[in-house]
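> Quick one, what's the 3D model for this:
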Amino acid sequence: MPPKLKDPGSFSIPCAIQTLEIGNALCDLGASVSLMPYSVFAKLEVGDLVPTNITLQLAEHSVKYPIGKVEDVPLRVGRFFIPVDFVVLDIDEDVHVPIILGRPFLATAGAIIDVKQGKITLKVGKDSLFFDLNKAMSYPSSTNEKCFLVDSFDPIVHDMHEHLLATNDPLELALLSREGLGDIGVEAANYKELLDSTSPCAQSE
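Presented below is the predicted three-dimensional model:
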């Protein structure tokens with residue numbers, strides 16, 4: 001039986017965009033997009049912002065609306081130049097972790113993460129680049145930093161989310177109440193009582 005190991009948290013790698021050296025770019029498998037604060041974008045000349053209708057949910061469950069996205073930003077990691085699409089968000093810049101590199105970047109860079117050995121390998125073509133994560137700046141999963149987990153909502157899901165938050169329909173309110181989401185009125189409470197008293201349907205084999 002292998003020995004139990006501690007949670008290594010998330011890791012950062014050094015990189016650069018044009019002349020801007022970024023000592024710690026967070027590599028986050030929990031992020032569905034790569035994220036750049038607007039203050040960082042304003043320092044660069046990496047193209048125009050493209051409108052986007054995605055919605056982001058940050059680690060503390062707050063919902064943010066991006067200013068836009070900038071595509072094919074040449075991110076230099078070691079001797080590699082890797083194109084990255086960044087979602088640009090109007091949030092305070094974290095001086096320790098200016099940008100977040102999400103799953104799309106890690107996939108493009110051919111990242112192989114060995115959590116046990118604490119190593120990350122980036123493979124571009126036949127070339128490889130290695131990082132010792134034990135020497136890199138790391139962040140535990142319990143950190144209180146601003147936004148390490150970034151998840152994106154599909155516009156349809158976002159529209160439904162907004163609708164449910166504003167709904168006055170008694171049945172929808174009853175269903176939301178079953179999930180612990182908010183107070184409901186008398187009619188919705190009656191629906192909820194009826195739903196709670198109904199036995200779940202048995203699955204057919």
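
> give the contact list for residue 65.
Contacts for residue 65 (C-beta atoms under 8 Å, 6 or more residues apart in numbering) come out as 55, 56. Where you see a C-beta, it was placed from the backbone N, CA and C, and this is true even at glycine.

> now with 7 Å?
residue 55 (C-beta atoms under 7 Å, 6 or more residues apart in numbering).

> Helices of this structure, start to end?
Listed from the start of the chain, the chain has helices (DSSP state H) covering 38-41, 103-108, 155-166, 170-178, 186-197.

> counting contacts, what elements does the first one pack onto?
Read it as helix 38-41. Counting contacts by 3 or more C-beta pairs under 7 Å, 6 or more residues apart in numbering; DSSP states H and E, helix 38-41 is packed against strand 80-89.

> Burial check on residue 129, number of neighbours?
Residues lying near residue 129 (other C-beta atoms under 10 Å) number 17.

> Averaging pLDDT over each of the helices of the chain, report the lowest-scoring one.
Mean pLDDT values for these show the minimum at helix 155-166, a mean of 52.

> ok, so what distance separates residue 70 from residue 113?
26 Å (C-beta to C-beta, to the nearest Å).

> Which one of those two is surrounded by more residues?
Using other C-beta under 10 Å, the more surrounded residue of residue 70 and residue 113 is residue 70, with 19 against 16.
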